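Novice: I'll drop the sequence and a predicted model, then ask my questions.
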Amino acid sequence: MVVVRFAGSKVMLLKRVVGLEGERVEFRDGKLFVNGSLLEEPYVRHPCNWNLAPRKVDNNCVYVVGDNRSMPIENHYFGQTSMERIMGGPLW
Amino acid sequence: MVKIKYLIVVLLIVMVGISVTFLFFPSEEKKVKKRFALLSEHMSKDYGENTFIMANKIKGISVLFGENCNFTVSDYSLSGNYTREEISGIALRGRAHFSTLGLKFYDLKVSFPEKDLAQVNLTARLTGKSVYGEHVDETRELMCLLKKVEKKWLFSSFEVIEVLKR
């Protein structure tokens, strides 16, 4: 889990890194695939039906997604973000 | 004793002078921030806003912008270059979607990369309730440019910083 600086110095998002630079990330019927392999995600409690075409993570970026995927895909903040936006991680 | 009295009086006059200078001759940074405060005030909408107030607010919004202003908003069809009149129309139609609306700006960082050009990095928060009863609460990081035209700072560019790219 990482804290992403979303806006200014105060608005942060807590997200999970699912893809590193150069990797290909996609969603098929709510299942997350990285480089074509299914990623087991026991932390996802609410199943979803998201679909997202494969995309490659750019250099100096990571791909982040939240664990709560109970909402429609268009209402969820996720995607590729610059490493410079990663402020840290939770302590516990 | 007399000298001390004079010294106190002189000090008081200097302090009053400095205060008056700051009050009546604000810095360029304060002038730029004031434009955001005005934009926030004019964009906001209370429940049951009447036509007269609406017209005044739209007029107030339009004078804050230059002849043209560029909007860069990824994933939205709003991106493009608009005239002041077009911006008034967009503001009018946009506000009409809401029964209440609030636009607040935070963490304004003002710099002056060129003469008569101000760059402002800030956090914008839009809150409100649509006419269909949906609650809206959106926060974004923005980078804005303002140009100084005839002693007035006018908005010339708005860019929504894309933090998460799908």
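Specialist: Ah, there it is. Residues are numbered from 1 along each chain as shown, chains lettered A, B, ... in the order given.

Novice: quick one: the helix or strand that contains residue B:14 to chain centroid distance?
Specialist: Under the criterion of DSSP states H and E, residue B:14 resides in helix B:2-24. Computed by CA atoms, centre = their mean, to the nearest Å, the chain-centroid distance of helix B:2-24 equals 34 Å.

Novice: Put the alpha carbons of that helix into CSV.
Specialist: Output of helix B:2-24 as CSV, limited to C-alpha atoms (Å, rounded to 0.1, in the frame of the first residue of the first chain):
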residue,chain,number,x,y,z
VAL,B,2,10.9,64.4,25.6
LYS,B,3,13.2,62.5,23.3
ILE,B,4,11.6,59.2,24.2
LYS,B,5,8.1,60.7,23.6
TYR,B,6,9.2,61.8,20.1
LEU,B,7,10.8,58.4,19.4
ILE,B,8,7.5,56.7,20.3
VAL,B,9,5.5,59.1,18.2
VAL,B,10,7.9,58.5,15.2
LEU,B,11,7.7,54.7,15.7
LEU,B,12,3.9,54.9,15.8
ILE,B,13,3.8,56.9,12.6
VAL,B,14,6.1,54.5,10.8
MET,B,15,4.0,51.5,11.9
VAL,B,16,0.8,53.2,10.7
GLY,B,17,2.5,54.0,7.4
ILE,B,18,3.6,50.4,6.9
SER,B,19,0.2,49.1,7.8
VAL,B,20,-1.5,51.6,5.4
THR,B,21,1.0,50.6,2.6
PHE,B,22,0.2,46.9,3.0
LEU,B,23,-3.6,47.6,3.2
PHE,B,24,-4.0,49.9,0.3
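
Novice: Give me the below-cutoff pLDDT ranges for chain B.
Specialist: Within chain B, the stretches with pLDDT under 70 are B:1-2, B:20-25, B:75.

Novice: can you give me the strands for it?
Specialist: B:65-72, B:80-83, B:98-114, B:117-130, B:135-149, B:152-160 (DSSP state E).
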